[in-house]
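> predicted coordinates and the sequence they were generated for:
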Amino acid sequence: MSLSPRGGRSKTLHWRNHLNHPSRTGGQLLVDQLVLHGVEQLFCVPGESFLAVLDALHDASIAVTVCRQEGGATMMAEAQGKLTGRPGVCFVTRGPGATNASAGVHIAHQDSTPLLLFVGQVAREALGREAFQELDYGAVFGTMAKWVVQIDDPARVPELVSRAFHVATSGRPGPVVIALPEDMLTEAAAVADALPYAVTETHPGAAQIAELQQRLAQAERPVVVLGGSRWSAEAAQQFAQFAEAHALPVYCSFRRQMLLSAEHPCYAGDLGLGANPRMLQRIREADLVLLVGGRLSEVPSQGYELLAIPQPAQALVHVHADADELGKLYRPALGIHATPRAFAEAVAGLKPAQAPAWKSRTAEAREEFLRWSDPAPIRVPGPLQMGEVMQHLREVLPHDTIFCNGAGNFATWVHRFWPFRAFASQLAPTSGSMGYGLPAGVGAKRLWPQREVVVFAGDGDFLMHGQEFATAVQYGLPILVVLLDNAMYGTIRMHQERHYPGRISATQLKNPDFRGYAEVFGGHGERVTSTAEFGPALARARASGKPAILHCVLDPEAITPSTTLQAIRDTALAKNA
């Protein structure tokens, strides 16, 4: 993992560079490179292993957010990477700090998010002795990072940090982990800065666009699936123009709903958990699938059942920024190695030669989505009706509100019933990592304080990183947490009732008063037990100007919008009888 020799050649390089460049410590060099590459914010939990970096940050223009746990800090950085397309940056200390951060690294990997995680390391002379908190970061992060590197020579800081930015943003974006021996950070070197990194866009060829047009002209039941990263607001708008011109039904991949406005006449739903069965049937019946940016992994493919592997029954046109993803799972009829930005630009102005024959099918798919996503008819057990809650949120919140969530059944209320209408308005882990919503909300509000940020969380999910509410208070970030409390790990309990009906084990929770939790941290708290209480509580929370928690107490039977725990249990018992 070490790339820099400590012998004569490196010393010669130091001597030559000293003629033209001032001497700087490794810590100073590192911070200077971050500024040069455009980093304006970073997140950290401080550690003695990178004190030299913290000292250099004292005089830098970078805003530092001090967090309460390394997992939360890394998720905040990942959230900013997801919103901007630029690498989020996080610093953590060695050993337990690094392993705590691994959850955020895994999210960045599965969500294709650019992320730089800088990790403290023991002094070089102690390496290999299992020194205090020593880890082999290549072994720890090798399966979840695009690249893991240890910088052993301060003279190579500009080179290797520049490479880290390029790796994190190229092809399929992802996380890069950079280990920093503490003595390297205090050692000086005279070396030039690198040039600022620049992202390379891969464009589709004219012949590929012509073939796509030909395939569309011959299709009878085409569909589009949008996903992945490397999009922009402009690219999303350009693709929306293309979809409307061709009357194409567009589905968004799991937790990528903000790629096309829910108000667009072609938007027909999302490929998430508990997806609309009619939508899935339409994709199975399609004769052409245009997959742009995404991988169609386990959740959006409904357990790899939606398209056959390796040869889909539908003609697949797969557009991806990473050539290695083309044909990796699904053999495409036409593979296009291009970024979503470049592809959207190439197709934005295309017009069909004649009126699309499938226009009525698209209108039907749109109507099915509107019925499926209407919260008005939804009724669940208990006095707090989440359908009405979602309807109220739709009426009072700005259209560009950023919704954040972690993992759990509670997220269905957002994914199914909130109409995502603005680009960069959704933060949710496709990796299914619990505890993501709160730190993601902090990262979003720290980035764009003018945007309204709502965190949806379950009781079990929230307390995975609930301590980061203190970070929101410390930096005056008035995020709004809608916390749904059913006193259990609800998703696991749901599966438990399906497979082991009536045998409740390890899924029950005894929770605190989350209203009081918010207040003792210095935020605003509300307790909501009925539908009538929600609207006034929401208004007070928004008016408080503080980070706020709405503690919403749900009937445990209200496990999903469409069924109850008792119904799931009864079905399982009848099946096993």
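Okay, I see it.
> please tell me how far L484 sits from I559.
Look at L484 and I559: by C-beta to C-beta, to the nearest Å, they are 11 Å apart. Where C-beta positions appear, they are placed from N, C-alpha and C, glycine not excepted.
> go on, R451?
32 Å.
> more neighbours: which of those two?
Higher neighbour count among R451 and I559: I559, with 26 against 16, using other C-beta atoms under 10 Å.
> tell me who's in contact with that one.
409, 486, 490, 493-494, 565, 568 (C-beta atoms under 8 Å, 6 or more residues apart in numbering).
> ditto for R215
Going by C-beta under 8 Å, 6+ apart, R215 touches 288, 315, 317, 333-334.
> any idea which helix or strand comes after whichever strand or helix holds it?
Per DSSP states H and E, R215 falls inside helix 206-218. For helix 206-218, the following helix or strand on the C-terminal side (DSSP H and E) is strand 222-226.
> what's in contact with the following helix or strand past that following strand?
Counting by DSSP H and E, the next helix or strand C-terminal to strand 222-226 is helix 233-246. Helix 233-246 is contacted by residues 216, 224, 226, 248, 250, 258-261, 264-266, 292, 340-341, 343-345, 347-352, 356, 423-424 when judged by C-beta under 8 Å, 6+ apart.
> next, the angle helix 206-218 makes with helix 233-246.
Angle, helix 233-246 to helix 206-218, by axes from the mean of the first three to the mean of the last three C-alpha atoms, to 10 degrees: 40 degrees.
> kindly format the C-alpha coordinates of helix 233-246 as PDB.
Extracted C-alpha coordinates of helix 233-246, given in PDB (Å, rounded to 0.1, in the frame of the first residue of the first chain):
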ATOM      1  CA  ALA A 233     -29.600  19.600 -12.900                       C
ATOM      2  CA  GLU A 234     -29.000  20.600 -16.600                       C
ATOM      3  CA  ALA A 235     -28.600  16.900 -17.600                       C
ATOM      4  CA  ALA A 236     -31.800  16.000 -15.800                       C
ATOM      5  CA  GLN A 237     -33.700  18.800 -17.600                       C
ATOM      6  CA  GLN A 238     -32.200  17.800 -21.000                       C
ATOM      7  CA  PHE A 239     -33.300  14.200 -20.500                       C
ATOM      8  CA  ALA A 240     -36.700  15.300 -19.500                       C
ATOM      9  CA  GLN A 241     -37.000  17.100 -22.900                       C
ATOM     10  CA  PHE A 242     -36.000  14.000 -24.700                       C
ATOM     11  CA  ALA A 243     -38.500  11.800 -22.800                       C
ATOM     12  CA  GLU A 244     -41.300  14.200 -23.400                       C
ATOM     13  CA  ALA A 245     -40.600  14.600 -27.100                       C
ATOM     14  CA  HIS A 246     -40.700  10.800 -27.500                       C
END
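> who does the helix or strand just after it touch, helix- and strand-wise?
Elements were assigned by DSSP H and E; along the chain past helix 233-246, the next helix or strand is strand 250-253. The contact analysis (3 or more C-beta pairs under 8 Å, 6 or more residues apart in numbering; DSSP states H and E) places strand 250-253 against strand 222-226, strand 267-271.
> what mean pLDDT does the first one have?
This points to strand 222-226. What strand 222-226 shows for mean pLDDT is 98.
> spit out the contact partners of V92.
44-45, 47, 70, 73-74, 98, 100-101, 117-120.
> gap between it and L117?
Distance of V92 to L117, computed by C-beta to C-beta: 7 Å.
> which neighbours do these two share?
74, 101.
> for P312, grab phi and psi.
As for P312, its main-chain torsions (degrees, to the nearest 10) stand at phi -60, psi 150.
> and if you look at L42?
phi -150, psi 160.
> how many neighbouring residues does it have?
Here the number of neighbours of L42 (other C-beta under 10 Å) works out to 24.
> one more: the one 5 residues further on?
The tally of other residues near G47 (other C-beta under 10 Å) stands at 22.
> dump the residue contacts of it.
G47 neighbours (C-beta under 8 Å, 6+ apart): 91-94, 97, 120.
> and which of the residues you listed is nearest P439?
Using C-beta to C-beta, V92 comes nearest to P439 of the contacts of G47, at 13.4 Å.
> for that closest one, give the beta-bridge partners.
Using DSSP bridges, the bridge partners assigned to V92 are V119.
> confidence score at it?
The model reports V92 with a pLDDT of 98.
> picking up where we left off before, just the contacts of V92: which are in strands?
Among the contacts of V92, the members found in strands (DSSP state E) are 44, 117-120.
> what residues does stretch 119-131 touch?
Contacts of stretch 119-131 (C-beta under 8 Å, 6+ apart): 6, 47-50, 91-94, 97-98, 101, 132-134, 137, 150, 152, 177-184.
> oh sorry, the question was meant for stretch 254-263
Under C-beta under 8 Å, 6+ apart, the answer for stretch 254-263 is 226-228, 231, 236, 239-240, 243, 250, 252, 266-267, 270-273, 293-294, 297, 299-300, 373, 415, 419-426, 428-430.
> now swap in stretch 272-285 and tell me
Residues from elsewhere that reach stretch 272-285 (C-beta under 8 Å, 6+ apart): 221, 223, 225, 249, 251, 254-255, 268-269, 271, 289, 299-300, 302, 306, 314, 361, 365, 368-369, 372, 411-412, 415-416, 560, 562.
> endpoints of stretch 404-421, how far apart?
Stretch 404-421 stretches 15 Å from its first residue to its last (C-alpha to C-alpha, to the nearest Å).
> my read: F50 touches L185, true?
Yes. Contact criterion C-beta atoms under 8 Å: F50 and L185 qualify, at 6.3 Å.
> what do the two both touch?
G27.
> distance to I107 added to the helices and strands packed on strand 250-253, as CSV?
Listed next are the helices and strands packed on strand 250-253 as CSV, based on distance: least, C-beta to C-beta, whole Å:
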stretch, distance to I107
strand 222-226, 20
strand 267-271, 19
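> among those strands, which is the most enclosed?
Among these, strand 267-271 has the highest mean neighbour count (mean count of other C-beta atoms under 10 Å), at a mean of 28.
> just the element for V520, please.
helix 514-521.
> what strands line up against the helix or strand just after that helix, and which way round?
Counting by DSSP H and E, the next helix or strand C-terminal to helix 514-521 is strand 524-528. Using DSSP bridges, the strands paired with strand 524-528 in its sheet are strand 548-553 (parallel).
> now do the helix or strand following the strand it pairs with: which elements does it pack against?
Next along the chain after strand 548-553, taking DSSP H and E as the criterion, comes helix 565-576. On a contact count with 3+ C-beta pairs under 8 Å, 6+ apart, helix 565-576 meets helix 490-499.
> quick one: contacts for C404?
79, 427-428, 436-438, 440-441, 444, 453-456.
> can you rerun that using 10 Å?
Going by C-beta atoms under 10 Å, 6 or more residues apart in numbering, C404 touches 75, 79, 414, 425-429, 436-445, 453-457, 479, 481.
> neighbour count, distance to R163 and pLDDT added to the ones in strands among the contacts of V92, as JSON lines?
As requested, the ones in strands among the contacts of V92 are exported to JSON lines (neighbours: other C-beta atoms under 10 Å; distance: C-beta to C-beta, whole Å; pLDDT from 0 to 100):
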{"residue": "C44", "neighbour count": "25", "distance to R163": "22", "pLDDT": "98"}
{"residue": "L117", "neighbour count": "32", "distance to R163": "15", "pLDDT": "98"}
{"residue": "F118", "neighbour count": "22", "distance to R163": "14", "pLDDT": "98"}
{"residue": "V119", "neighbour count": "28", "distance to R163": "17", "pLDDT": "98"}
{"residue": "G120", "neighbour count": "24", "distance to R163": "20", "pLDDT": "96"}
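> could I get these as a markdown table with distance to L509?
Below are those laid out as a markdown table (distance: C-beta to C-beta, whole Å):
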| residue | distance to L509 |
| --- | --- |
| C44 | 31 |
| L117 | 31 |
| F118 | 35 |
| V119 | 33 |
| G120 | 35 |
